[in-house]
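1. Build me a structure from this.
(one chain, ligands or ions: 1)
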Amino acid sequence: MGLSSRRTGSGRTQSFVRLATSQESGLVRDLDNRCFPPDHRDLQRAEPGELESGVEAGDVRVLEQDGRLVAYLHADSTVPGRIEIAGMAVLPELQGQGLGTRLVESCLSLVEPGARRTVAIVTITSPRNLRMLHILLRHGFLVRWFLKDHFGPGRDRFGLQLAAVENWEADDGGEQLLVPVSRLEFLCRKVEREGWTIVALARTSGTVLFVLARCRNDLFPPSAAPPGRFSGNGRSPSPGLGEGKDPSGLRLRSQDTERAKPFGQRFSE
Ligand SMILES: CC(C)(COP(=O)(O)OP(=O)(O)OC[C@H]1O[C@@H](n2cnc3c(N)ncnc32)[C@H](O)[C@@H]1OP(=O)(O)O)[C@@H](O)C(=O)NCCC(=O)NCCS
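-> Now for the predicted structure:
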């Protein structure tokens, strides 16, 4: 359990991560409702019963700050050999203060290093949720799947998986592709049809970019499948995408990419 404190104007703030208790299901649900507005294209509320069963299963961790629950992370472990971060949220007024990062780190600290080679640790998030993507990419998750219209028309999602090893090297001589985050159709094609993986976010000349690389298959546990309520077969082509029209994406060698933000550094808003 990570206990930490920091000074505020009115005194000392204490916060720690712990498992949610059965009595707290309603509070976790309230948190989810506050953080995920109804019918939002990029933020999907938990299904009825989802968080409640997660709490009962001991899969929901909460961050308690000064006696109140301010954030949660649901790491669904009901499928053997697989952990899915099914939901995560920080109260709107406390976002951007490092609490989400603490929850992800607390969750990953439970996974023994060797287990990363056998347990598939997966999650989904919107391609537009750059804050969440930044946290995941910084902590070793990679975008393996583009889940077109996952939650309905226009509600695309990225499927991410934690790499089996911490320090990995891209294939193909380290060749990378930098693609503006807005070029979703192009990204979809690269990830779903051409086998590229998104490995980082970068910023150069005021443009935010995804960094794509080719990763070896053994970078992931073999049992991996796309996360969530996905009814397709993972890497099959997604319907309705334009063919070969999108010119975005700079093909760069890794030394060029270093002019953008290098992997693993902090990304300021
Ligand atoms: C997503 C969420 C859980 C993140 O938690 P948080 O406490 O706000 O995030 P943190 O403060 O720990 O970290 C934010 C990081 O994103 C970075 N960031 C913020 N805005 C960014 C942007 N537009 N582009 C890239 N990175 C960004 C910050 O710089 C920070 O990174 P750093 O630590 O390297 O500086 C929280 O914002 C939230 O609850 N959002 C609404 C619900 C949601 O999106 N849940 C996840 C759905 S899958």
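2. any idea how far Ala75 is from Arg193?
-> 31 Å (C-beta to C-beta, to the nearest Å). Every C-beta, even on glycine, is put in place using the N, C-alpha and C of the backbone.
3. more crowded one of these two?
-> Neighbour count, other C-beta atoms under 10 Å: between Ala75 and Arg193, Ala75 has more, with 25 against 15.
4. quick one: which helix or strand includes the more buried one?
-> Here Ala75 sits within strand 68-76, counting by DSSP states H and E.
5. Strand partners (parallel or antiparallel) of that strand?
-> With DSSP bridges as the test, strand 68-76 is paired with strand 60-65 (antiparallel), strand 82-90 (antiparallel).
6. List of residues touching that strand?
-> Here strand 68-76 makes contact (C-beta atoms under 8 Å, 6 or more residues apart in numbering) with 15, 20, 24, 27-28, 31-32, 46, 50-51, 54, 57, 59-64, 83-91, 94, 99-100, 103-104, 106-107, 110.
7. can you give me the offset of stretch 91-110 from its chain's centre?
-> 12 Å (C-alpha atoms, centre = their mean, to the nearest Å).
8. Can you get me the start-to-end distance on it?
-> One end of stretch 91-110 sits 24 Å from the other (C-alpha to C-alpha, to the nearest Å).
9. any bit of that stretch sitting next to the ligand?
-> Yes - applying C-beta under 6 Å from any ligand atom, one finds stretch 91-110 touching the ligand at Gln95, Gly96, Gln97, Gly98, Leu99, Gly100, Thr101.
10. residues near Thr197, how many?
-> Other residues close to Thr197 by other C-beta under 10 Å number 23.
11. Equivalent analysis for Asp30, please.
-> 13.
12. if we can go back for a sec, any of the contacts of strand 68-76 buried? List them.
-> Among those, those classed as buried by neighbour count (16 or more other C-beta atoms under 10 Å) are 15, 20, 24, 27-28, 31-32, 46, 50-51, 54, 59-64, 83-91, 99-100, 103-104, 106-107.
13. nearest residue to Val181 other than its sequence neighbours?
-> Val208 (4.9 Å; C-beta to C-beta, 6 or more residues apart in numbering).
14. So for that neighbour, what's the pLDDT?
-> For Val208, the pLDDT comes out at 96.
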